[in-house]
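Chemist: compute the structure for the input listed below.
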Amino acid sequence: MADISRRNALILGGVGIGGVAIGGTGFVVNQQSGRPQASEGSRGVALVQPTEMRSTNGMLTVALESSPQQVSIAGRTVRALSYNGGVPGPTLRLRAGDTLNVNLRNGLTDPSNLHVHGLHVSPENNGDNMFVMVDPGGSFDYQYKLPANHPPGVYWYHPHHHGYVADQVFGGLYGAIIVEDPEEIPATRERVVVISDMTFDSSGTISAATEMEKMSGREGELVLVNGQLSPALSASPGERERWRVINACTSRYLRLRLDGQQLTLLGIDSGRFESPRDVDEIVLAPGNRADLLVTALAGTSTLRALRYNRGASGGMMGARTTSSADVALATFAVAGTDTAAFTAVPEQLAPRDLRSAAVTARRELRFAMGMGGGMGGGMMSATINDRTFDATHVDTTVQFNSIEEWTLTNTSTLDHPLHLHVWPMQIIEQNGRPVDSAIWQDVVNIPARSIVRVRIAFDDFSGRTVYHCHILDHEDAGMMGIIQAI
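Modeler: This next block holds a predicted model:
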């Protein structure tokens, strides 16, 4: 597993006081330690939306450059990693059937590439190909052709070159992808809400993760909403907002609440419910997304990420419970004249249901953690079926156009969110209890010491890609396998 190199530490290093915000959004901090705190002037600023790029006539062509940039973090200057000078990078808006062309230029000092997380597109050639490596100073032309029936929803993009993923995402490389609905869902306004985290030291340098942090999965002391500290949102009573929420954190789980407001969940990841569900809270594992309607009720509410216990790194390097502190993410002030009520959300197509489908094959993936695998056996071991990632070894071969059932067994004391590229998963059973509706996700959390069963339809695309834990430090440590559909 690659550490942040001395070279990267210099690139990410702080360069003093003052500075400029890049792309209209500045990094900011939440106070969770005795480290230098944010200035109060950085709080309560109106939420800023990332730059948007929309497809026209079935095509979107984008140039993305990943590079270190000088950004303002809570009144201080720090160098972070950025796409096109903004954190988050630009939001890409598409429709089913569109073609997305991306010229990626790597302005980093380490290799990188691009993953369009959750999109159901080819993993071959210049598609969502995890085996492409873009050298520092190099570029690569990606092309993603969305099927005509591609599910609408919230997706995102980020680097995925093995060994560097956690550092590059933690440094600021991520952005939203929206696949629009074929029939518009009426709303007063739409907001992209990208939640991420990072840590910097007293000199303004992005901190390298310790071995213990890598074992548990690092959680940044700065919790960002579109790169801002506790931004302010406002609305009038009765207005209906659509929030596209992305958990872009490297390891942090987000148990989100907005007490005092009416929340309606349209779906998680690429999965869309046939009928919207009223909810009080949503739990997003790293990599999950939520498509959420917020109907404004008079008063001021706080968007919070509440404590989530994701297990303990017991026995490996000293037992330690991994539980995030509560974080106030944003304020939502609703005042003024009531507006007319919105019509009901249109019914969506019933999701495909594989629970009664014929299964071609069954297999088990076992997630385990411990010590060993490095020189002298002193490094973290993060395995799937007792193996760490090997770019030359295909771990799982599946039949194209088949349906498989996977038993996901977590033998460790930490949660592991499984992400399968290209093909979403339908959750069938959780810890022995059948799921009573069709739930589709591309990131499925497997709680510590538990079993989850999923079914997967290997439709539309053959080729080679990966599945892995989306706690990105675990992925970089080897908790990833190669799958090939033939």
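Chemist: from Met479, how far off is the closest residue to His162 other than its chain neighbours?
Modeler: Nearest residue to His162, sequence neighbours excluded (Cβ to Cβ, 6 or more residues apart in numbering): Phe389, at 6.3 Å. To be clear about C-beta, it is placed using only N, CA and C from the backbone, and glycine gets the same treatment. Distance, Phe389 to Met479, using Cβ to Cβ, to the nearest Å: 8 Å.
Chemist: find residues that contact each of these two.
Modeler: Contact criterion Cβ atoms under 8 Å, 6 or more residues apart in numbering; residues shared by Phe389 and Met479: His468.
Chemist: what about the helices in the protein?
Modeler: 6-12, 165-170, 211-216, 472-476 (DSSP state H).
Chemist: tell me which of those sits nearest to Ser196.
Modeler: Nearest to Ser196 among these is helix 165-170 (7.9 Å), distances taken as Cβ to Cβ.
Chemist: who has more neighbours out of Phe389 and Met479?
Modeler: Taking other Cβ atoms under 10 Å, Phe389 and Met479 do not tie; Met479 has more neighbours (28 against 22).
Chemist: if we can go back for a sec, now the weakest link among the helices of the chain, please, by mean pLDDT.
Modeler: Across those, helix 6-12 has the smallest mean pLDDT, namely a mean of 31.
Chemist: mind listing what Val359 touches?
Modeler: Ile403, Glu404, Glu405, Arg455.
Chemist: ok, 10 Å please
Modeler: By Cβ atoms under 10 Å, 6 or more residues apart in numbering, Val359 lies in contact with Ser402, Ile403, Glu404, Glu405, Arg455, Ile456.
Chemist: again with Met480
Modeler: Counted by Cβ under 10 Å, 6+ apart, Met480 has contacts 130, 160, 162, 165, 382-384, 387-391, 395, 419, 466-469, 474.
Chemist: buried residues, stretch 170-182. List them.
Modeler: Phe170, Gly171, Gly172, Leu173, Tyr174, Gly175, Ala176, Ile177, Ile178, Val179, Glu180, Asp181 (16 or more other Cβ atoms under 10 Å).
Chemist: redo those residues as JSON lines? Include distance to Leu108.
Modeler: What follows is these, written out as JSON lines (distance: Cβ to Cβ, whole Å):
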{"residue": "Phe170", "distance to Leu108": "13"}
{"residue": "Gly171", "distance to Leu108": "9"}
{"residue": "Gly172", "distance to Leu108": "11"}
{"residue": "Leu173", "distance to Leu108": "9"}
{"residue": "Tyr174", "distance to Leu108": "14"}
{"residue": "Gly175", "distance to Leu108": "16"}
{"residue": "Ala176", "distance to Leu108": "21"}
{"residue": "Ile177", "distance to Leu108": "21"}
{"residue": "Ile178", "distance to Leu108": "26"}
{"residue": "Val179", "distance to Leu108": "28"}
{"residue": "Glu180", "distance to Leu108": "31"}
{"residue": "Asp181", "distance to Leu108": "35"}
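Chemist: need the helices of the chain in TSV with distance to Leu92, can you?
Modeler: Formatted as TSV, the helices of the chain follow (distance: least, Cβ to Cβ, whole Å):
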stretch	distance to Leu92
helix 6-12	26
helix 165-170	17
helix 211-216	31
helix 472-476	21
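Chemist: how about the residue in the protein that sits furthest from its center?
Modeler: The C-alpha centroid of the chain is most remote from Thr337, which lies 36.6 Å away (Cα atoms, centre = their mean).
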